[in-house]
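K.L.:
got a structure for you, letters missing:
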């Protein structure tokens, strides 16, 4: 089983709203990731959590706030977003086998900021 | 020069054709090579994973790695309309370090 689930599937929000994206995996993976993907571009890494601690923040604006409540859950809190933040937000988790680390992606949340 | 380059596409082929998708890279630290398939409005799905130079086959898909030339390929035999998607190569060093995607190639297989 390599399933990563994300909710909601779609989200429309105004620039003054606060919303959260949720990601869940029950595969015992040690690392979880948030990516942002614009149309016709590859996913861009935003945050990495390793053993529930934030290990990488790719200079993401503070209007995006990640949270890892436990090893299975990852949230992305959104506040005061801009229309240019509209994108597909992907969650991934990864499993390590020796020196090999394999990332598995969820279906994404399609976000539209009005 | 970008760290990973990929044939830009889009690529249109007739059903049944052999498709070749290619990536080149510049970082010698990359040791693990992946191909992801992404259907429109969906998340990337891991298709193939390779480590050493050579070929790895899985059904209609063959992944090829040439570390000396820093070149990887994905071949799709007997392509089907259901193969229409964007294909992203990805690579990393040990323990997932420096994981990076290529820009992606959009493939359309026409019935």
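P.N.:
That came through fine. Only a predicted model underlies this, so the values are computations on that prediction, with no experimental measurement involved.
K.L.:
In contact with the most centrally placed residue in chain A, which residues are there?
P.N.:
In chain A, the centroid-proximal residue (C-alpha atoms, centre = their mean) is residue A:34; its distance is 2.7 Å. Residues near residue A:34 by C-beta atoms under 8 Å, 6 or more residues apart in numbering or on different chains: A:23, A:45-47, A:64, A:66, A:74, A:76, A:89-91. For the C-beta atoms, the positions are set from N, CA and C on the backbone; glycine is no exception.
K.L.:
Residue A:82: neighbour count?
P.N.:
10 (other C-beta atoms under 10 Å in any protein chain shown).
K.L.:
what's the answer for the one 3 residues further on, then?
P.N.:
Neighbour count of residue A:85, defined by other C-beta under 10 Å: 19.
K.L.:
repeat for residue B:13
P.N.:
Using other C-beta under 10 Å, residue B:13 has 17 other residues around it.
K.L.:
from what I can see it touches residue B:105, true?
P.N.:
No - at 11.7 Å, residue B:13 and residue B:105 do not qualify as touching, with contact defined as C-beta atoms under 8 Å.
K.L.:
Quickly list what's touching both of the two.
P.N.:
Between them, residue B:13 and residue B:105 share no contacting residue, judged by C-beta under 8 Å, 6+ apart.
K.L.:
Mind picking out the helix or strand in chain A with the poorest mean pLDDT?
P.N.:
The helix or strand of chain A with the lowest confidence, counting by mean pLDDT, DSSP states H and E, is strand A:53-57 at a mean of 90.
K.L.:
does any part of it sit near chain B?
P.N.:
No - applying C-beta under 8 Å from any C-beta of the partner chain, one finds strand A:53-57 separated from chain B by no less than 10.2 Å.
K.L.:
who does that strand pair up with?
P.N.:
When sheet partners are counted by DSSP bridges, strand A:53-57 sits next to strand A:44-50 (antiparallel).
K.L.:
Please state the offset of the strand it pairs with from the chain centre?
P.N.:
7 Å (C-alpha atoms, centre = their mean, to the nearest Å).
K.L.:
Let's have the contacts of residue A:34 in TSV, adding pLDDT and neighbour count.
P.N.:
TSV is the format used below for the contacts of residue A:34 (pLDDT from 0 to 100; neighbours: other C-beta atoms under 10 Å in any protein chain shown):
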residue	pLDDT	neighbour count
A:23	98	26
A:45	95	18
A:46	96	20
A:47	95	21
A:64	97	19
A:66	97	20
A:74	97	27
A:76	98	23
A:89	98	23
A:90	98	28
A:91	98	26
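K.L.:
closest to residue B:77 among the residues you listed?
P.N.:
Nearest to residue B:77 among the contacts of residue A:34: residue A:90, at 29.2 Å, using C-beta to C-beta.
K.L.:
what about the closest one, which helix or strand?
P.N.:
Secondary structure from DSSP states H and E places residue A:90 in strand A:87-97.
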